[in-house]
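Trainee: Following is a predicted model, sequence given first.
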Amino acid sequence: MADEALTKYAVLIFERDGNDMPPEVIAEHERLPQRVKEQGGRITAGLALQGNETATVIRGDLVTDGPFLETKEVLAGIFVLEARDLDHALALARMTPIINGGVEVRPLIDFAVVEED
Amino acid sequence: MLAATVRVTRDLDLAEEAVQDAYVQALRTWRARGVPARPGAWLTTAARRNALTARQRQRTLAAKLPLLIIPAEAEPAEAEPAQAGPAGTAPEEADDRLRLVFTCCHPALSIDAQVALTLRLICGMATPEVARALLVSESTMAARITRAKKKISIARIPYAVPQRAELPGRVGAVLMVIYLLYTAGHTAAHTAGAGDRLTRDDLSDRALDLARMLRLLLPAETEVAGLLALLLVHHARRAGRTDADGRLRLLEDQDRDGWDRTLIAEADRLITASLTAAPPGRFTLQAAIAALHAQAPTYAATDWPQIRLLYDRLLEIWPSPVVALNRAVAVSMSDGPAAALVLVERLERDGRLAAYPYLPTTKADLLRRLDRPAASAAAYAAALALTENAAEREFLAARIAALRPEV
């Protein structure tokens, strides 16, 4: 299937607190791109965020300690997924290793970067 | 026709436009050349061709606007010229309908949006009609439908029947929408002026049609049969729910001769098949309970022990406090009101039903049967404070008056 037929989704990983990832969760994350590929999708980027307490917030002119929103569940990581449609994306996102939280799946606007020749 | 056209466009707005254009073309062409042999097929073909043309235009834009829907599957063959035979064979039409149902009832949409889209796109109701039926303003409804369509398009909610593994859950979501539609029609809350009538038959009729359609489309799903059976029993009894003045009548006071025996028999056949075919789901169990009521010669002569057993099983798979309350009513009839009062008071302490008027109503009825009129009247008054439906309020007020003859 041509890449144009795939839609990009962000999978936002929310966890309850900033505990370090247990080794088995890290191992699961390392296996994830291959598993997604086997299911006809593709992970094009993946990032884990450092703990909540390391965040710094800029709002207007003011710089303060973070995070931006005080919630019980914090953004812990994010990856970009290409899938055929929402059902496909949800099936793939379901494979995300989660400690004590969940994921949010959001379609992305793809600002195609035009490289200058 | 809309369903068939969406398959081509993968875009609801575009499909609706294509369908409308097809009607305009029909008016023009048919007036000049006469009505074709198969007007439905003619319209579908014309709508599809319009959609394809429109999509070609869109395809050109697509390079610049990546958010437009692009079909995930292989291109369908170019549409045949109009009047060129079977544009949509029956099974294909059925598949299209089913896909549209699963798109409209996708769990990624809010339940309000699911209900609205179902009425708008599957039942073909106009937006103002949908707004009136669901008791919201036209602008609210238009915004709700637009938002939902936007999400379908941007998040790419698929226009497809879910995979086998996901099917039971997704069917459950569809059934929930149909059930909500039926109950919205059955008991209209007292809001926005339409509430004084206890039933909005139109909405209930639509829900029943949808359940029948789904039953044809998914014959292997026993819960679909269960829901259809449940709605049939409700529908069979709807004539007896209110008296000539539109006042609510309790099940025990209803004229059982007014119930539609044909519908009840149809429901019974569905239930028997569903109960034996698989571990029964919630709608099948609810239907079985309703059917036992419908088949009993009188309220007192109802098979209460059997109903209680069915409630026990229902509560296992669906541990909801509302189910527990209904089970308490069955217990009151099989084991006596004192045993039931214990259950109701436990539910009161649980607190989840604090705003649910049928909890104090049930308690009041048990207390009345236990010959405690003062406590009973107080419970009816608590129920009155929680009820908005005019017919139900009138009923509760009458009960209170009857318990306090000396006042």
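Mentor: Sure, I can see it.
Trainee: Could you list the buried residues of the one helix or strand B:Q20 maps to?
Mentor: Taking DSSP states H and E as the criterion, B:Q20 maps to helix B:12-33. The neighbour-count check on helix B:12-33 (16 or more other C-beta atoms under 10 Å in any protein chain shown) flags B:L12, B:L14, B:A15, B:E16, B:E17, B:A18, B:V19, B:D21, B:A22, B:Q25, B:A26, B:T29 as buried. Just so you know, the C-beta spots here come from the backbone N, C-alpha and C atoms, and that holds for glycine as well.
Trainee: residues in contact with the one residue in the stretch 151-300 of chain B that gets nearest to chain A?
Mentor: Nearest to chain A, among the residues of the stretch 151-300 of chain B, is B:P158, at 3.8 Å (C-beta to the nearest C-beta). Applying C-beta atoms under 8 Å, 6 or more residues apart in numbering or on different chains, we find B:P158 in contact with A:R84, A:D85, A:L86, A:D87, A:H88, B:A72, B:T103.
Trainee: Quick check: the second one vs B:L370, distance?
Mentor: The gap separating A:D85 from B:L370 is 58 Å, by C-beta to C-beta, to the nearest Å.
Trainee: More neighbours: these two, which one.
Mentor: Comparing A:D85 with B:L370 by neighbour count (other C-beta atoms under 10 Å in any protein chain shown), the higher total belongs to A:D85, at 20 against 16.
Trainee: Please report phi then psi for the more buried one.
Mentor: Backbone torsions for A:D85, taken as degrees, to the nearest 10, come to phi -160, psi -180.
Trainee: where's the spatially closest residue to it that is not a sequence neighbour relative to A:T56, distance?
Mentor: Closest residue to A:D85 apart from its sequence neighbours, by C-beta to C-beta, 6 or more residues apart in numbering or on different chains: B:P158 at 3.8 Å. Counting by C-beta to C-beta, the separation of B:P158 from A:T56 is 40 Å.
Trainee: now A:L32
Mentor: Where A:T56 is concerned, A:L32 sits at a distance of 29 Å (C-beta to C-beta).
Trainee: sec struct for B:L341, please.
Mentor: helix (DSSP: H, G, I helix; E, B strand; the rest coil).
Trainee: ok, it touching B:L367?
Mentor: Yes. Here B:L341 reaches B:L367: they are 7.3 Å apart, a contact under C-beta atoms under 8 Å.
Trainee: before we move on, the earlier item: can you tell me which of the buried residues of helix B:12-33 is closest to chain A?
Mentor: Chain A lies nearest to B:L12 out of these, by C-beta to the nearest C-beta, at 14.7 Å.
Trainee: Not counting sequence-adjacent ones, nearest residue to the closest one?
Mentor: Using C-beta to C-beta, 6+ apart and skipping the chain neighbours, the partner closest in space to B:L12 is B:K149 (5.1 Å).
Trainee: One more: B:A339?
Mentor: Using C-beta to C-beta, 6+ apart and skipping the chain neighbours, the partner closest in space to B:A339 is B:V331 (5.5 Å).
Trainee: buried ones in whatever helix or strand the one you found lives in?
Mentor: Using DSSP H and E, B:V331 falls within helix B:321-334. The neighbour-count check on helix B:321-334 (16+ other C-beta under 10 Å) flags B:321, B:323-334 as buried.
Trainee: ditto for stretch B:298-311
Mentor: Buried residues in stretch B:298-311 (16+ other C-beta under 10 Å): B:T302, B:W304, B:I307, B:R308, B:L310, B:Y311.
Trainee: Could you export it as CSV, CA atoms only?
Mentor: Presented in CSV, the C-alpha positions along stretch B:298-311 are these (Å, rounded to 0.1, in the frame of the first residue of the first chain):
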residue,chain,number,x,y,z
THR,B,298,-52.3,-10.7,35.2
TYR,B,299,-49.7,-8.8,37.2
ALA,B,300,-50.1,-11.1,40.2
ALA,B,301,-50.1,-14.2,38.0
THR,B,302,-46.7,-13.3,36.5
ASP,B,303,-43.9,-15.9,36.8
TRP,B,304,-42.0,-13.8,39.3
PRO,B,305,-39.6,-16.5,40.5
GLN,B,306,-38.4,-16.9,36.8
ILE,B,307,-38.2,-13.1,36.4
ARG,B,308,-36.1,-13.0,39.6
LEU,B,309,-33.7,-15.7,38.2
LEU,B,310,-33.3,-13.7,34.9
TYR,B,311,-32.5,-10.6,36.9
